[in-house]
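> Fold the following for me, if possible:
(one chain, ligands or ions: 2)
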Amino acid sequence: MNPLSTTPDAGRETPRVLIRGTGLLGASIGIGLRADGHEVQLSDPSGTAEAIARDIGAGSIREVGDPDPEIVVIAAPPEVVAEEVADALVEFPQAVVLDVASVKAEILRALRELADGRADEVTPVDLTRYVGTHPMAGREQSGPVAARGELFTSMPWVITPAQDPATGEQVPTQAAVAWAEEVARRCGATVHYMDPQEHDDSVALISHLPQIAASLVASRLQDAPTSALALAGNGLRDVTRIAASDPNLWVQILSSNAAPVVEILHGLRDDVARLIRTLEDPRAPGSQADIAQLISEGNSGRARVPGKHGAPPQSFARLIVIVDDRPGQIAAVLNDVAKVGVNVEDMRMDHSAGHQVGMVELSVLPGRRDELAEALTDFGWKVVQS
Ligand SMILES: NC(=O)c1ccc[n+]([C@@H]2O[C@H](COP(=O)([O-])OP(=O)(O)OC[C@H]3O[C@@H](n4cnc5c(N)ncnc54)[C@H](O)[C@@H]3O)[C@@H](O)[C@H]2O)c1
Ligand SMILES: O=C(O)C(=O)C[C@]1(C(=O)O)C=C[C@@H](O)C=C1
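Ligands and ions are numbered 1, 2, ... in the order given. Next up is the predicted model:
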């Protein structure tokens, strides 16, 4: 099929997809699309990454002579994305080409430069078939071993079609954009549209700042006494999870989006400086109010973070079930939840340091929480409402 002349729902087409870059993102997309019936080809400069992605069910390694893909997904590190997109547009003149890089404006600028520089070649870099995208889902681990087919389920996936700077018109064809949207949907994501620069300004705040904050906090721990670290509870774990992210990737992300990040960091620096002054004399008139203001401003910001499916913030109620730390306990809890007929909207598991128990936190619709807590207690579980 030619994806440029077919609409995504025409006869429920499943175009052949090539994924270039079979790490965390590429392999996760491969698993997702294969589960949806697509033939997926894989290619990566690392033979190991290719082989692992194949072995975990992300697709088959593309061989010389294989039929051309109809959709190409570039899931490589940001610094090589523009070049990989340009090459794919030339190599597969009928294909829609997407990338999934975490930054969009600089890649588009580099791609335009490449396209201009190669304008005289026999096959030009045809940007009407390129659609920039960014799945807002990932993990602090990289490589195909960390891949998950359900990584994108209910997560936002941003589509950032380029506009012609002179005319303001959308550069990619509507068919190309529709297929980009379809790839995101078939991976289970929810689709958002944004201009590339608006995207970069937004992720500076909601993705790049959190990464910096986590790294800054976690870097304080390097020389901390083991006895202090032994006390670590969920606060530290919540705030530092993404401090385990790949330095190579984040060097590229932060340096490609430096200007909006710097602007946010100036504001943060002012707040930190103010807090330092306040805490240097915490009993001085006004200091207590200043501290309270900092925490309540944090409360207000936190309350604006949307829940699953972009639902209004804090629309789920939580309860915690204490389980023994042994195989089968989570399945047993979920089995009992299913008997009550309550849908689990979100779930997470924590361990109590030094104790052989786990805490399964279930998020459910507020109207069902009391009923579920009561039923689970009747089934013999120890339930804590939070
Ligand atoms: N990690 C995340 O949480 C996350 C989330 C959303 C988007 N992204 C974006 O997805 C892309 C991939 O990130 P990842 O986390 O999967 O990284 P990863 O390190 O897990 O995988 C990247 C893969 O790209 C391969 N690669 C290197 N150069 C290549 C090239 N020239 N052509 C093709 N492949 C090449 C590497 O060998 C590696 O297997 C990046 O652009 C990143 O910004 C990452
Ligand atoms: O949850 C994580 O571990 C992530 O790395 C996710 C996250 C994010 O900030 O939300 C990180 C960078 C990507 O560009 C997209 C997603």
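> For the stretch 101-250 of the chain, which segments count as helices?
Ranges of helices within the stretch 101-250 of the chain are 105-117, 174-186, 196-203, 209-219, 226-229, 234-240, 247-256, based on DSSP state H, counting those that start in this stretch.
> tilt between the last one and helix 105-117?
Angular relation of helix 247-256 and helix 105-117 on a 0 to 180 degree scale: 80 degrees, by axes from the mean of the first three to the mean of the last three Cα atoms, to 10 degrees.
> Spatially, and excluding backbone neighbours, which residue is closest to the residue nearest the centre of the chain.
For the chain, the residue nearest the mean C-alpha position is Ala137 (1.5 Å; Cα atoms, centre = their mean). Distance criterion Cβ to Cβ, 6 or more residues apart in numbering; nearest residue to Ala137, sequence neighbours excluded, is Met155 at 3.8 Å. Every residue, glycine included, has its C-beta placed from N, CA and C.
> so what's the one you found up against?
By Cβ atoms under 8 Å, 6 or more residues apart in numbering, the contact list for Met155 reads 135-137, 188-190.
> Give me the subset of the residues you listed that also touch ligand 2.
136-137 (Cβ under 6 Å from any ligand atom).
> What is the nearest of the contacts of Met155 to ligand 1?
Pro135 (5.1 Å; Cβ to the nearest ligand atom).
> Could you measure from the closest one over to Ile242?
Separation of Pro135 from Ile242 (Cβ to Cβ, to the nearest Å): 16 Å.
> which of those two has more neighbours?
Shown here are Pro135 and Ile242; by other Cβ atoms under 10 Å, Pro135 has more neighbours (22 against 18).
> can you pull the pLDDT of that one?
pLDDT, Pro135: 98.
> next one: Pro313
pLDDT recorded at Pro313 is 61.
> Next: Glu140.
90.
> show me the contacts for it.
241-245.
> I'd like those laid out as CSV, including pLDDT and distance to Ile206.
As requested, the contacts of Glu140 are exported to CSV (pLDDT from 0 to 100; distance: Cβ to Cβ, whole Å):
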residue, pLDDT, distance to Ile206
Arg241, 96, 15
Ile242, 96, 12
Ala243, 97, 17
Ala244, 96, 19
Ser245, 96, 15
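> Could you dump the residues you listed into TSV with distance to ligand 1 added?
Shown next, in TSV, are the contacts of Glu140 (distance: Cβ to the nearest ligand atom, whole Å):
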residue	distance to ligand 1
Arg241	12
Ile242	9
Ala243	13
Ala244	11
Ser245	7
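> between the residues you listed, which is nearest Leu275?
Ala243 (20.9 Å; Cβ to Cβ).
> What degree of burial does the closest one show, as a neighbour count?
By other Cβ under 10 Å, 17 other residues sit near Ala243.
> Any figure for the gap between it and Ser202?
22 Å.
> what about the strands in the stretch 201-350 of the chain?
317-324, 346-351 (DSSP state E, counting those that start in this stretch).
> Who are the packing partners of the first one?
Using 3 or more Cβ pairs under 8 Å, 6 or more residues apart in numbering; DSSP states H and E as the contact definition, the elements that strand 317-324 packs against are helix 329-340, strand 357-364, helix 366-378, strand 382-385.
> out of the ones you listed, which comes closest to ligand 1?
strand 357-364 (22.3 Å).
> So what are the sheet partners of that closest one and their directions?
Here strand 357-364 is paired, per DSSP bridges, with strand 317-324 (antiparallel), strand 346-351 (antiparallel).
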